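[1] Make a model of this:
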Amino acid sequence: MKIKLLTFLFLLTGFAAYSQEVLYTNCPNCWLPDSLGNHRVVLEFNGTGKIAKALINWRRRDINPQNKRIIIEDGTTHQKITNTKTGRLNREYGEIYFEPVSGKGIYYVYYMPYKNEGRSNYPKGVYLKPENTASADWLNVAAGNSDIQSATVKEFQSIDAFNSFYPMEIIATKDETNQLIEKHKADKFLVFPEDRLNSIRMENDLPERWINRGPRDNFTGEAARGENFTFQLGIYALQNLDEVKIKFSDLTSSTGHQIAAQNLFCINTNGIAYDATPLIKTVNVAAGKIQAMWCGIDVPKDAVPANYAGKATIIINGEPAKEIQLSITVNNTILADGGVNEPWKMTRLKWLNSTMAQQNTVIAPYIPLIVKDHTISLLGRKVEINNDGFPQQIQTFFTQEMTGYSKLPNNLLTEAIHFHFTKLADGKNMILKNQGVKFTKTEPGTVQWTATSGNDTLQMEVTASLEFDGFIAYTVKVKALQDVDLKDITMHIPFTKDVAKYMMGLGQKGGYRPENFEWKWDVTHKNQDGAWIGNVNAGLQYSLRDEKYVRPLNTNFYLQKPLILPSSWGNENKGGIKVSGVGNSILANNYSGERKMAKGEVLYYNFNLLITPFHPVNTDFQWATRFYHAYKPVDTIKETGATVINIHHGTAINPYINYPFIAWKKMKAYDDSAHAEGLKVKIYNTIRELSNHAYETFALRSLGHEIYSPGKGGGFSWLQEHLGDDYIAAWFVPEMKDAAIINSGMNRWHNYYVEGMNWLTQNVGIDGIYLDDVAFDRVTMKRIKRVLTADRHPGIIDLHSANQYNKNDGFNNSANLYMEHFPYLNRLWFGEYFDYEKNSPDFFLTEVSGIPFGLMGEMLQGGGNPWRGMVYGMTNRMPWSDNADPRPIWKVWDDFGMKGTRMIGYWVDANPVKTGNDKVLATIYKKEGTTLVSLASWAENDTQIVLKVDWRKLGIDPSKATITAPEIKNFQPGKTFGLNEKIPVEKGKGWLLIIK
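    Now for the predicted structure:
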């Protein structure tokens, strides 16, 4: 690609001014960028002698170019020239002297060479420092030579178009900028309308393009009918600008046809938040800065082809400041999809304001909520609301096996969840009289209620909602009606002892609940604000929240955006949680400590609840759905017995992380071929970081920190060269040169994400997504599940998480962190950095297996422990781990006929097969006339066990029974055991036995 530009070089101190035609070109694979950089200048030398000079008008956006190395290469021999020196180097131009070793010909100047340091997936692009390689003799000749001949700049080359600076990153000179400012010194700002294909990229420098074109008061464009048309208004502030807004008029044709003003928008000032609430943004532009204002027009499909004229009024501090005339020609073409098939035209920016799938409709397998009196029924659970608005009782109706329902309830509470307001003076509890509960919304997906309690000193207003999956959100507003000194404000959750068997969170690994547990707030270091307490078939996760709660970053970046300490619960770190036995309860005492409340002061003691499990375990899905986690030929995968293909990023059909739109045609062809063979295809796509290859990168950057987190910059060279600073560099794929940037958290990119997943489902035919950690909440997860399962698509979602219990992740538990997403997942893959050898069964059960939440999982790290995994119905996943092939176990499943079996875990009291050794556990998979027994040992040494079988419950006649261990490659030898024979169990291993 060659682009001609007439560049005027004003050569300083003795050099004459001249003009020349310069080309900006791309030269893919012409050199090695990882050693020479992404950019070079092509020089032509037609002189003689040993010294050539070049004055390069490079107009660079990078800071301090004098601190970067210059490498000159002979175009004939491709050898590095050592006899070089530099004169003046700045952002506008550079003086280069070199020995033209091959005489007349082409020479290359590489002016931004770098090397990657650090980890391969988190590189640090370090620009090489200047070096002195010239010989003393050559330098002496150069110093005394007055007849130095010039080399001519022929081209500025980039390694490819993606790395090119042209045209929007070729800076104006200081003189050009000053002349522009002087010419318009009466203005507060200048406007440079810009086409959507030339994203405004720089904040601190004007592009040379704008100097040549000058500021304008009009924009002209052409759009199709039905198109999501976009354009930019580049604002260059000559003074500080506050509260920049844009108001649009109707667009009117000469014949009176109109495109209404409501069809025009600016994503920088207004929009719809990820949770469907209106979003109004404040845009301030400091003097000397550039702000891109991305505007759009929803052109109606029925618009009459014509030229439409109108205006955009730029308003500063509420006052009209400039009018930009808009002239849009609507052509005859009709776009059914708004033009989203051409995303490089920024047609998908409209997605940022999408409300798709926001209505809280019930998602399968959940059922509509039913309200009777004060009791709300939902799938497998009931919640009875007390008159003060808090749960009087919470019940679940799941069996211990977790494969079905029970008619008898599991009561979570010994008494109602309640607050205590303790006076400092006498330590007595203040009694608040309630006025009863009032239900304000009763819909299939959501039930809401309010309640007010109070006395002459305090008033408590409770607003709550329960959703169909078991999520309860509480807003608790406590207002002082007069000055009051309080010893404490606490919330008590009194669990029954049977339910409060396990605990996870607040610094506790998943496992048995400690007898006495105490915790204090430390948001600076710890992503901890609540816990899950429960048993396999009944439990409750609760989280204590500030009224201004913002979801923190996760996956290595918690410390850069931690939790907000709740002013109520945290109370300047006086608050905390204590969990211990009190009477017949296990009491979770959530206290906030001593404080004064002045008359009229308001505190919010907000909290969320999640009632677990969410649904029964779907064992048949586990046996039949076998993931293959790699991009391979479809026939190769089918031969393994896998049924679902996970396409990771960094592959030919999904090259860029969390932006699976560029190679979508290849992806569709692959999906179609897989579907023809009876396989399903899921893709890697999550929110946490976003590829720099996203077409909308610079439009998103124009939104400040809404989409991207603030940070120190750095990372791969492309990020440094084109973003400059103020970002967090994330995952990098060297093969694809794919450099991701960290998302900021809860923002409008979630709207785009939902629209994108819908588009991929409907147009590419994906069958679901693979989530590699997530940085969105349950609002977005519900929307995703809706679009993935629309029109009877399978919408399979599996979630992988690396162990979050570390410093950079704020010492949280993966299962605790992501529990709000569990109602919509089909499988867990919690294994990276998890230890399968040293952790106890209660850890496996609560943190890895998913069973207490209605899910099943797979193992990852080192292939997992296949014997221990099978007591939870888990294998590892193909072909991720070396020497951990699950196919031999899959064969046992198929030979035995696992479909339709009844899984009875070791945790079930009525399990008819026991080992007599609490360190060797047995889970059975039972069907008519036969049972598969999974044994796994956590004993410290090799041991022996004898199966203790309740033959009646097993439904097998012991006089005719046999116990056989089928031969399983890399798992166990084939063997037959007598009914009372001692079975040897190696340390850390086990058996799969068939009783029939």
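[2] hey, let's count contacts and neighbours off CA atoms from now on
    Will do.
[3] Report the mean per-residue pLDDT for stretch 377-385.
    The average pLDDT within stretch 377-385 is 98.
[4] so how far is it from its chain's centroid?
    Its chain's C-alpha centre and that of stretch 377-385 lie 32 Å apart, by C-alpha atoms, centre = their mean, to the nearest Å.
[5] distance between the ends of it?
    11 Å (C-alpha to C-alpha, to the nearest Å).
[6] Same check on stretch 551-561?
    OK, stretch 551-561 end separation, C-alpha to C-alpha: 9 Å.
[7] Could you do stretch 434-451 as well?
    Start-to-end, stretch 434-451 (C-alpha to C-alpha) is 7 Å.
[8] what comes into contact with that stretch?
    Stretch 434-451 is contacted by residues 360-362, 367-371, 385-389, 452-454, 461-468 when judged by C-alpha atoms under 8 Å, 6 or more residues apart in numbering.
[9] other SSEs contacting the longest strand along the chain?
    Determined from DSSP state E, the single longest strand within the chain is strand 319-334. In terms of contacts (3 or more C-alpha pairs under 8 Å, 6 or more residues apart in numbering; DSSP states H and E), strand 319-334 is packed against strand 218-225, strand 306-316.
[10] Now do the helix or strand just after that strand: distance to the chain's middle.
    Per DSSP states H and E, the first helix or strand lying C-terminal to strand 319-334 is strand 370-372. Its chain's average C-alpha position is 37 Å from that of strand 370-372, according to C-alpha atoms, centre = their mean.
[11] Strand 370-372: which residues count as buried?
    By 16 or more other C-alpha atoms under 10 Å, the buried positions in strand 370-372 come out as Ile370, Val371.
[12] List the contacts of that strand.
    By C-alpha under 8 Å, 6+ apart, strand 370-372 touches Ile376, Ser377, Leu378, Thr442, Pro444.
[13] Could you list the paired strands of it along with their orientation?
    strand 375-378 (antiparallel) (DSSP bridges).
[14] for the helix or strand harbouring Leu719, packing partners?
    For Leu719, the host element (DSSP H and E) is helix 717-722. Packing partners of helix 717-722 (3+ C-alpha pairs under 8 Å, 6+ apart): strand 122-127.
[15] hmm, back to that, report the strands that pair with the longest strand of the chain, each with its relative direction.
    Using DSSP bridges, strand 319-334 pairs in its sheet with strand 218-225 (parallel), strand 306-316 (antiparallel).
[16] Tabulate those (a markdown table), appending mean neighbour count, distance to Tyr752 and mean pLDDT.
    Conversion of the strands paired with strand 319-334 to a markdown table gives the following (neighbours: other C-alpha atoms under 10 Å; distance: least, C-alpha to C-alpha, whole Å; pLDDT from 0 to 100):
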| stretch | mean neighbour count | distance to Tyr752 | mean pLDDT |
| --- | --- | --- | --- |
| strand 218-225 | 19 | 22 | 98 |
| strand 306-316 | 20 | 25 | 98 |
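[17] closest to Asn556 out of these?
    strand 306-316 (40.0 Å; C-alpha to C-alpha).
[18] Tell me the gap between that closest one and the middle of its chain.
    The answer for strand 306-316 is 37 Å, by C-alpha atoms, centre = their mean.
[19] Over to stretch 91-98?
    43 Å.
[20] one step back: I'd like the helices and strands packed on strand 319-334 written out as TSV, with distance to Leu719 added.
    Compiled in TSV, these are given as follows (distance: least, C-alpha to C-alpha, whole Å):
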stretch	distance to Leu719
strand 218-225	31
strand 306-316	31
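[21] Which of those strands sits closest to Ile211?
    Closest among the helices and strands packed on strand 319-334, using C-alpha to C-alpha: strand 218-225, at 16.2 Å.
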